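In: could you work out the structure for the sequence below:
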Amino acid sequence: MGKDLYSILGVSNSASKAEIKSAYHKLARKYHPDVNKDNPQAAEKFKEISAAYDILGDDEKRKKYDNKEIDSDGKTTGFGAGFGNGNPFGQGGYYSSSSGGQSANFDFSSIFGDDIFSAFSGNQRGYQGFSSASRRPRKGEDLTYTMRIDFLTAVRGGERQVNLNGKNINVKIPSGTIDGQTLRLKGLGNPGHYGGETGDVLITLNVDKHPYFGLEGQNITMELPITIKEAVLGAKITVPTIDGQVAVKVPSYAGSGDKLRLKGKGIKNRNGQGDQIITLKIVAPRAKNSDLEKVLETMPDENVRTF
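Out: Take a look at the predicted model:
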């Protein structure tokens, strides 16, 4: 008689599907071969746990197991619901008569051969029941998370520490990360089944907007407000970049929409090196300025429109 599958997972036979799954994940993490490389007994325990979950974690298989239609190895027993009185073929089955006239158990393999039993156990090719294919190594489930990061960490790259399944993991953020990008951490997901590889962790990154920086490919963009005086006479202005402040020269008679390029001040990664693109925006004074008005009144009209 095989072991009780509920006892293997440490749950009662009335446990819910969620309770069974939770118990399996807890035990699988504890006895997974990857964390018990020097303990062969742990590997055997992991196989036993996986085999138990393969049946109890499946509604149809669990029902058959509870009805004693299959044993702890998933093999048919010839008993259970629908068979009646232990006869797997129902009414009209075969019996062997003894000298005393009493019925006795009949060896079905003597008529059908051993193949009928190998078919029920999943060893017969083409049989779709309790196939040995269900015991093949399968990769564990992937786990998904979301992480919010600031703009500068996304474009410059960096590390963030997160807690996954009780462990602190340093997650490397590649430079040039964009909003919605997903990172894959190999082998940090749920344990595999029957010796299969462990699943992965998938982290979707949500990047916060920056108050004045933007992103176009590998280029950093920003808008630079300038006064009328700076636009006409030119100026030297200190501006921020993702790596610190630098001084830029605004040429005289600059116009709104003109662009300045800071070479090499964009994102640097395996795709190359970007720049910082600065778009000028002339801002008129808000306060009344009589001197400025007099100067402008003496200036000749200039046609700047093309329509």
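
In: and stretch 197-217, end to end?
Out: Start and end residues of stretch 197-217 are separated by 36 Å (Cα to Cα, to the nearest Å).

In: got the contact list for P137?
Out: P137 sits next to 192-197 when contact means Cβ atoms under 8 Å, 6 or more residues apart in numbering. Where you see a C-beta, it was placed from the backbone N, CA and C, and this is true even at glycine.

In: so which of the residues you listed wins on neighbours?
Out: H193 (24 neighbours; other Cβ atoms under 10 Å).

In: for the residue nearest to that one when sequence neighbours are not counted, the count of nearby residues, please.
Out: Among residues not flanking H193 along the chain, R138 sits closest, at 4.3 Å (Cβ to Cβ, 6 or more residues apart in numbering). By other Cβ under 10 Å, 16 other residues sit near R138.

In: which two of the contacts of P137 have the greatest separation?
Out: Y194 and E197 (11.0 Å; Cβ to Cβ).

In: and the pLDDT for I70?
Out: I70 is assigned 90 on the pLDDT scale.

In: and the helices in the stretch 201-307 of the chain?
Out: Assigned by DSSP state H, counting those that start in this stretch, the stretch 201-307 of the chain shows helices spanning 228-233, 290-298.

In: which residues are contacting stretch 278-286?
Out: With Cβ under 8 Å, 6+ apart as the criterion, stretch 278-286 contacts 221-228, 231, 239, 248, 250, 254-262, 292.

In: which of those residues are buried?
Out: 221-222, 224, 226, 231, 239, 248, 250, 254, 258, 260, 262 (16 or more other Cβ atoms under 10 Å).

In: got the contact list for the residue nearest to H193?
Out: Per Cβ under 8 Å, 6+ apart, neighbours of R138: 192-194, 196.

In: from the recorded domain assignment, give the ranges for the protein.
Out: As given by automatic domain parsing, the domain ranges for the chain are 5-135, 143-207, 214-298.

In: for the residue nearest to H193, give its distance to I49.
Out: 14 Å (Cβ to Cβ, to the nearest Å).

In: cool, and K64?
Out: 20 Å.

In: poorly predicted segments of the stretch 51-200 of the chain, please.
Out: 78-134 (pLDDT under 70).

In: stretch 5-18: how far from the chain's middle?
Out: 28 Å (Cα atoms, centre = their mean, to the nearest Å).

In: which parts of the biggest helix by length in the chain are buried?
Out: If you go by DSSP state H, the chain has its longest helix at helix 40-56. Neighbour counts over helix 40-56 (16+ other Cβ under 10 Å) mark 42, 45-56 as buried.

In: switch those residues over to CSV; also include distance to G272.
Out: Shown next, in CSV, are the buried residues of helix 40-56 (distance: Cβ to Cβ, whole Å):
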residue, distance to G272
A42, 48
K45, 51
F46, 46
K47, 49
E48, 53
I49, 49
S50, 47
A51, 52
A52, 53
Y53, 49
D54, 50
I55, 54
L56, 54
